[in-house]
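Chemist: mind looking at a prediction? Sequence and model below.
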Amino acid sequence: MNKSLYYTRTAQWLHWIMAVIFIAAWLIGFYSGNFLSYDVDGSFKGDVISLHKNIATTIIFLLVVRIFWRYTHPAPSLPESMSPRMKTLAHAGHLALYFMLIALPLTGCLYSWSLGYPAPVLYLFNLPPLIAENSAVTAIVKPLHIWLSWAVGILLVGHIAAAFKHHFIDKDHVLKSMTQQDK
Ligand code: HEM
């Protein structure tokens, strides 16, 4: 049990770096998927998708570190003022977010590999493809990636709204636990 009110500095950095990368990847994917067309601006759309992939694949590496850190450094407890039901809801929401951190990069990579394209990391190297080009797989993972991206959008809005509610309405330490340290 973590007696401190605050996450460790490493956990805080991992949280905020991954938040920035994840939201940037989401916005770039959303822009490409909904506002760009190969018929009108093919090479630009290709560059934008490439940027989306090169950023988003880093989530896989950061997540491995984050899960290791989470198991070796327990999270601070939720406030006593929260009802058991709200605590369960908060834990379920966090679990769902962790699931998305795995499911989105995984379906994204499978989507690219199934089309015969690479899954590049920071313009440095490609992840080794786990599957060969396969249109039957594309038919499953393409809609899955898109549906998951919408579901995570809703989850993120809920997560951010909950953090603000804790801070401004309940006036407890939940948001500060991700931004401050013991004095
Ligand atoms: C951080 C994880 C990721 C997030 C949050 C994310 C989010 C999104 C979003 C919001 C879209 C647009 C969906 C729509 O059309 O409405 C999208 C499309 C796409 N994503 Fe991802 N994605 C992630 C990871 C990946 C990865 C790792 C790859 C491949 C290596 C990938 C490949 C693609 C491709 C190829 C598209 C289609 C773009 C288009 O058709 O213009 N994604 N993604």
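Modeler: Cool, got the structure. Numbers count the residues shown, from 1 in each chain.
Chemist: any low-confidence regions in this structure?
Modeler: Within the chain, the stretches with pLDDT under 70 are 1-2.
Chemist: show me where the chain has helices.
Modeler: 9-35, 38-56, 58-72, 84-114, 135-164 (DSSP state H).
Chemist: now tabulate those in JSON lines and tack on distance to the ligand.
Modeler: Where you see a C-beta, it was placed from the backbone N, CA and C, and this is true even at glycine. Conversion of these to JSON lines gives the following (distance: least, Cβ to the nearest ligand atom, whole Å):
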{"stretch": "helix 9-35", "distance to the ligand": "2"}
{"stretch": "helix 38-56", "distance to the ligand": "3"}
{"stretch": "helix 58-72", "distance to the ligand": "4"}
{"stretch": "helix 84-114", "distance to the ligand": "2"}
{"stretch": "helix 135-164", "distance to the ligand": "3"}
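Chemist: rebuild those as TSV, extending it with mean neighbour count.
Modeler: Formatted as TSV, the helices of the chain follow (neighbours: other Cβ atoms under 10 Å):
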stretch	mean neighbour count
helix 9-35	15
helix 38-56	15
helix 58-72	14
helix 84-114	16
helix 135-164	14
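Chemist: please report how far the spatially most central residue of the chain lies from Asn126.
Modeler: In the chain, the C-alpha nearest the mean C-alpha coordinate belongs to Leu101, at 4.1 Å (Cα atoms, centre = their mean). From Leu101 across to Asn126, the span is 21 Å (Cβ to Cβ, to the nearest Å).
Chemist: and if you look at Lys87?
Modeler: Taken as Cβ to Cβ, the span from Lys87 to Asn126 is 42 Å.
Chemist: what's the closest residue to His15 other than its chain neighbours in contact with, if anything?
Modeler: Excluding its sequence neighbours, the residue lying closest to His15 (Cβ to Cβ, 6 or more residues apart in numbering) is Met178, at 5.8 Å. Met178 sits next to 7, 12, 15-16, 163 when contact means Cβ atoms under 8 Å, 6 or more residues apart in numbering.
Chemist: kindly recompute the last result at 6 Å.
Modeler: Contacts for Met178 (Cβ atoms under 6 Å, 6 or more residues apart in numbering) come out as 7, 12, 15.
Chemist: before we move on, what about Asn126?
Modeler: Contacts of Asn126 by Cβ under 6 Å, 6+ apart are 118, 120.
Chemist: show me the beta-bridge partners of it.
Modeler: Bridge pairing for Asn126 (DSSP bridges) gives the partners Pro120.
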